[in-house]
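J.: Pasted the sequence and its predicted model underneath.
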Amino acid sequence: MSIRMIRTFVQIAKLGSFTKAARHLAMTQSTVSLQMKSLEEKLRVELFDRSGRRPTINAKGRSFLKKAIELIDLYEGMAEDVSNYDELIGTLHIGAVNTIMSGILPDALLALRAQHPGLETHISCGLSETLMYQVNAGDIDAALVSEPPYKLDDNLSWATICREPLVLITPPTSKPHSEHEFLKNTPFIRFDRQAWAGQIIDKELRRRKIEVRDVMKLDSLETISLMVARGLGVSVVPERLIAQPFPAPLNIVPFGKKPVFRKIGIITRTDSSCSSLTDALHQALTSAIHKR
């Protein structure tokens, strides 16, 4: 069965006769008749009532017509999509903080590579503020970071990708306690204040007048999680929106009755010459988020 046969059938239905369809399609009437006979053989069903002076579409033909029109629309839509497809070619220099680097970025890069094989990506890791300066200087094209705690320069733009809730993580063997008891009576492993996520956590602890006893200051979510899992303390960290937000078994406790979030997103230059590349990156990152 070919799309050409189906097109011919639809034209017969629209114009009301084999003769008019043949004229419209620049075919002979015998060619149209042969195509319809072949189509019926392929479908193993009669689509026309041939008892009268000229063939007319029967009930089964009318039922098939709906599917035929849908199929042609789909076929033409596919052709249009392909003709409008704009292959992205070039190199995109991306900087990302550690929590994104080991979070949604790998899946996003895989999707980006599959969709745009001509797009090359160079990746570097760093703290949010350092990466922002690198974007400003033109050393990298985009920074994947926590939301800046202050207004950006006019030549930089911010776009939110998602929000991640802050949670209290405790050892898997710890007994249930209130978050205040955990934070007051257990050594605290702090997310480094040099990281913007660490500043959000510190601000919320101070706002709620929660005093903690710092024993470590780390900038890696993976390292913090492993330290907590071994029973060396507790911590407040962002819960990443991926299938496995932490690399070790932990107790996860909501941080506060009203959730506190850190936003993660992308910083780019407003005058960037690769906006189409960063737009594709933004779309890939959004798609990589595990919906929970």
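T.: That came in fine, so what should we check first? Numbers count the residues shown, from 1 in each chain.

J.: where along the stretch 101-250 of the chain do the strands fall?
T.: 119-125, 142-146, 156-170, 187-191, 213-218, 235-238 (DSSP state E, counting those that start in this stretch).

J.: wait, which of those is closest to F255?
T.: strand 156-170 (4.6 Å; Cβ to Cβ). From N, CA and C alone the C-beta is placed, and that goes for glycine too.

J.: What pairs with the closest one, parallel or antiparallel?
T.: In the sheet, strand 156-170 lines up against strand 235-238 (antiparallel), strand 251-254 (antiparallel), strand 261-269 (antiparallel) (DSSP bridges).

J.: Return the set of buried residues in the second one.
T.: Of the residues in strand 251-254, those with enough neighbours to count as buried (16 or more other Cβ atoms under 10 Å) are 251, 253.

J.: Just to check, G138 is in contact with R269?
T.: Yes. Between G138 and R269 there is a contact under Cβ atoms under 8 Å: 7.3 Å.

J.: beta partners of T268?
T.: Beta-bridge partners, per DSSP bridges, of T268: A142, S157.

J.: Any idea how far apart the tips of stretch 179-197 sit?
T.: Terminal residues of stretch 179-197 lie 19 Å apart, using Cα to Cα, to the nearest Å.

J.: What of stretch 243-251?
T.: 16 Å.

J.: ditto for stretch 95-113
T.: End-to-end distance (Cα to Cα), stretch 95-113: 17 Å.

J.: and it, how far out from the chain's middle?
T.: 11 Å (Cα atoms, centre = their mean, to the nearest Å).

J.: residues in contact with that stretch?
T.: The contact list for stretch 95-113 (Cβ atoms under 8 Å, 6 or more residues apart in numbering) reads 119, 121, 123-128, 131, 134-135, 140, 142-146, 161-162, 195, 197, 219-222, 238, 240-242, 245, 264, 280-281, 284-285, 287-289.

J.: List the buried residues in that stretch.
T.: 95-105, 107-109, 111-112.

J.: what about the residue lying closest to V236 once chain neighbours are set aside, how many residues close to it?
T.: Nearest non-adjacent residue to V236, counting by Cβ to Cβ, 6 or more residues apart in numbering: I201, 4.9 Å away. Counted with other Cβ atoms under 10 Å, residues neighbouring I201 total 23.

J.: Repeat that for A248.
T.: Count around A248 with other Cβ under 10 Å applied: 16.

J.: Helices of the protein, start to end?
T.: Using DSSP state H, the helices of the chain run over 3-15, 18-24, 29-43, 59-84, 98-101, 105-115, 128-137, 179-185, 196-207, 221-229, 275-288.

J.: from the middle of its chain, how far away would the third one be?
T.: Using Cα atoms, centre = their mean, the distance from the centre of helix 29-43 to the centre of the chain it belongs to is 46 Å.

J.: Let's have the strands of the stretch 101-250 of the chain in CSV, adding mean neighbour count and mean pLDDT.
T.: Formatted as CSV, the strands of the stretch 101-250 of the chain follow (neighbours: other Cβ atoms under 10 Å; pLDDT from 0 to 100):
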stretch, mean neighbour count, mean pLDDT
strand 119-125, 15, 92
strand 142-146, 26, 94
strand 156-170, 19, 93
strand 187-191, 21, 95
strand 213-218, 14, 94
strand 235-238, 27, 95
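
J.: CSV please, covering the ones you listed and showing distance to I72.
T.: What follows is the strands of the stretch 101-250 of the chain, written out as CSV (distance: least, Cβ to Cβ, whole Å):
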stretch, distance to I72
strand 119-125, 33
strand 142-146, 41
strand 156-170, 39
strand 187-191, 57
strand 213-218, 60
strand 235-238, 49
